[in-house]
Every structure is written in C-alpha cells, then in structure tokens.
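Visitor: Give me the fold of what follows.
(chains A and B)
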There are 2 protein chains.
Amino acid sequence: MNTTVDCPLCSNAGGLLVLQTPKWRVIRSTDDVNFPAFYRLIWQAHLAEFSDLAADERSCCMEAVVRIEQVLREALQPTKINLATLGNVVPHLHWHVIARFDWDSHFPNPVWGTARREVSGGAEARLPLPLVDLDRRVALALR
Amino acid sequence: MNTTVDCPLCSNAGGLLVLQTPKWRVIRSTDDVNFPAFYRLIWQAHLAEFSDLAADERSCCMEAVVRIEQVLREALQPTKINLATLGNVVPHLHWHVIARFDWDSHFPNPVWGTARREVSGGAEARLPLPLVDLDRRVALALR
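Guide: All right, here's what the predicted structure looks like:
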C-alpha cells in the first residue's frame, strides 16, 4: 500500500478510530467542539483524488460514506448533512461527513465559513445521544 | 418528478447549462470570479440528501461527478479537486466540483473560507484554455 512519511493521515489515525477495514477507516473528529457529529472516512492508501480510485473502490467508498450519513440522519435528525472531500491541506483522500443543525455555530454557513452564533452550553450537550453511542451505531452500520 | 415552487434549483438552471439528462444536469457556476472552473451536478428531482437517492442513482450521480473531476484534472492540472454537497442554503441535492490551484484567491482554504490573496489579472485568465472549451470537454465526457 502507498504510504508517505510526511503525510499526517499515513502516520496517524486522524481522530478517534470508529472502525477500519483494509481499504478505509472511519474516525470521529474531535478537532472542533462546534461540530461534535463530524466523521471522516479516510482511504488507507495514500491517494489524493477521488478519481484516483478504481470504479469499484469509489463505489465501496461512497457506500460507506452513505451509511455514516444514514446513521447520522436516523440518530440525530439533523437539519442537513454535509459531505465533502477537499484535501487542500492534507492531500490524502478523506471524506467529511458532518451533521449540521439550524442552531449550530455556523449554520447555514459551511463549517469552514464564518461563525454566526454562540451555542450556549456547547453543541455536544444538544445531541440526543452520547457520542460514544453514536460511534457504536456508526460502527455497527459499517460492519 | 418532485419539484418545489420555492426552490431556486427547481425553477432555474442554477448556472450555465453544460449538459442534462432526465436524472441530473451539469452547470458551470458563474457566481464567483475567483473560481472559474466551478461546476455543479444538480439532481433534477427535489431531494435534499445524497442518501435520499437509491443505490443505483447514487452510483450514476458519482460517476458523473467523477467524470467532471477527470476532465478538470486533465485539462487544467489543478493543485486539487474539491468535491462537496452541502445544501444548507438550498436543500436540493447538488454536488460542487471545483478545480483549485495553489495560486487561487483562497488556497489552501476552502472556497467558503477566508481569502488569502488577490489574483492579479483574474483567475480565468490563468486557465490554460477558454471556459467554453472546458465546458465542451465536460459535456463530451458526460455523454
């Protein structure tokens, strides 16, 4: 498998590991308290672009992404799901799967945009279930 | 087909129409001069989330997205491709396919983030081919 010494996603999990397979791993990001329900599917091999994957790999990748989305929708009933693969800073293929709420700090702006409000008490406290339970549901859906 | 009177993507093309099929259309966005190579695949039916599509529709959707990506990579050799479906403002399924360059106004920030520089002469002038030719290549790849 391609790996690159200088790549942080080759040398680190990149967040709290939820589940992994030989092709990809899913982590929950703990980088930003404003967005607690923020998962990433990280392709294990060091590739930059979605189109670097073969057709069957793209399909397997997006089916995993969509399962995460489905769990977030069912468990959290978010206002919207945001999916993105950018990789401008870390060009190692990873998909962001983010549950967004009309009350969250940035909505309707993207999480990378300008904050619109403060969420008193913090965002995690507003979720209808503990993150550890959400992780468990995500892992179960991906098995 | 589901359509919604209040939805701008049900009542307008949403940009310069490149190609359409019964399931989706591809437009080039002319909203932001900083990002001239910015295409959107818009699902024709009014659905909010990627997981609202059936599995075969998701597959057809992403194969079209990836063809756009491939054309942008071949024609422009961008630093990175950004793919995203957000829909916080317009919850009608659409995918952003954006060619990013290390010289562009925001790189490595997302296009929704903070600008980092001014691009003298404008971004479009730096592309290696006219946008009308790029549109033609995208349309050809999608046929």
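Visitor: Output the below-cut-off pLDDT ranges for chain A.
Guide: A:1 (pLDDT under 70).
Visitor: near chain B, which residues of it show up?
Guide: Within chain A, the positions near chain B by C-beta under 8 Å from any C-beta of the partner chain are A:48-51, A:55, A:58-59, A:62-63, A:65-66, A:69-70, A:73, A:79-89, A:91, A:100, A:107-110, A:112-113. Where you see a C-beta, it was placed from the backbone N, CA and C, and this is true even at glycine.
Visitor: change it to 7 Å
Guide: Contacts of chain A with chain B, taken as C-beta under 7 Å from any C-beta of the partner chain, map to A:49-51, A:58-59, A:62, A:66, A:69-70, A:73, A:80-89, A:91, A:100, A:107-108, A:110, A:112-113.
Visitor: Helix, strand, or coil at the spatially closest residue to residue A:76 that is not a sequence neighbour?
Guide: Among residues not flanking residue A:76 along the chain, residue A:99 sits closest, at 5.0 Å (C-beta to C-beta, 6 or more residues apart in numbering or on different chains). Assigned by DSSP: H, G, I helix; E, B strand; the rest coil, the conformation of residue A:99 is strand.
Visitor: hang on, the earlier thing: give me the buried subset of the residues of chain A next to chain B.
Guide: A:49-51, A:58-59, A:62, A:66, A:69-70, A:73, A:80-88, A:91, A:100, A:107-108, A:110, A:112-113 (16 or more other C-beta atoms under 10 Å in any protein chain shown).
Visitor: rewinding a little: and the residue nearest to residue A:76, bridged to which residues?
Guide: Per DSSP bridges, the residues bridged to residue A:99 are residue A:81.
Visitor: show me the contacts for residue A:47.
Guide: Taking C-beta atoms under 7 Å, 6 or more residues apart in numbering or on different chains, we find residue A:47 in contact with A:2, A:53, A:93.
Visitor: Could you look up the SS state of residue A:35?
Guide: Looking at residue A:35 with three-state DSSP, the answer is coil.
Visitor: Report the separation between residue A:94 and residue B:72.
Guide: 19 Å (C-beta to C-beta, to the nearest Å).
Visitor: what are the ranges of the helices in chain A?
Guide: A:8-11, A:55-76, A:131-142 (DSSP state H).
Visitor: residues making contact with the shortest one?
Guide: Among residues not part of helix A:8-11, those counted as contacts by C-beta under 7 Å, 6+ apart are A:3, A:4, A:14, A:42, A:46, A:90, A:92, A:94.
Visitor: Mark which of these are buried, thanks.
Guide: A:14, A:42, A:46, A:90, A:92, A:94.
Visitor: isn't the fifth one right next to residue A:3, touching?
Guide: This points to residue A:92. No: in this structure, residue A:92 is not within contact of residue A:3 by C-beta atoms under 7 Å, at 9.4 Å.
Visitor: if I look at residue A:76, how far off is chain B?
Guide: Counting by C-beta to the nearest C-beta, to the nearest Å, the separation of residue A:76 from chain B is 13 Å.
Visitor: typed the wrong thing, it's residue A:105
Guide: Distance from residue A:105 to chain B, by C-beta to the nearest C-beta: 13 Å.
Visitor: tell me the contacts of the nearest residue to that residue once chain neighbours are set aside?
Guide: The shortest distance from residue A:105 to any non-neighbouring residue, by C-beta to C-beta, 6+ apart, is to residue A:34 (4.1 Å). Residue A:34 makes contacts with A:104, A:105, A:106, A:123, as judged by C-beta under 7 Å, 6+ apart.
Visitor: just those residues now: which is nearest chain B?
Guide: Relative to chain B, the closest of those is residue A:106; by C-beta to the nearest C-beta it sits at 8.8 Å.
Visitor: can I assume that closest one is in contact with residue A:113?
Guide: Yes: at 5.9 Å, residue A:106 counts as touching residue A:113 under the criterion of C-beta under 7 Å.
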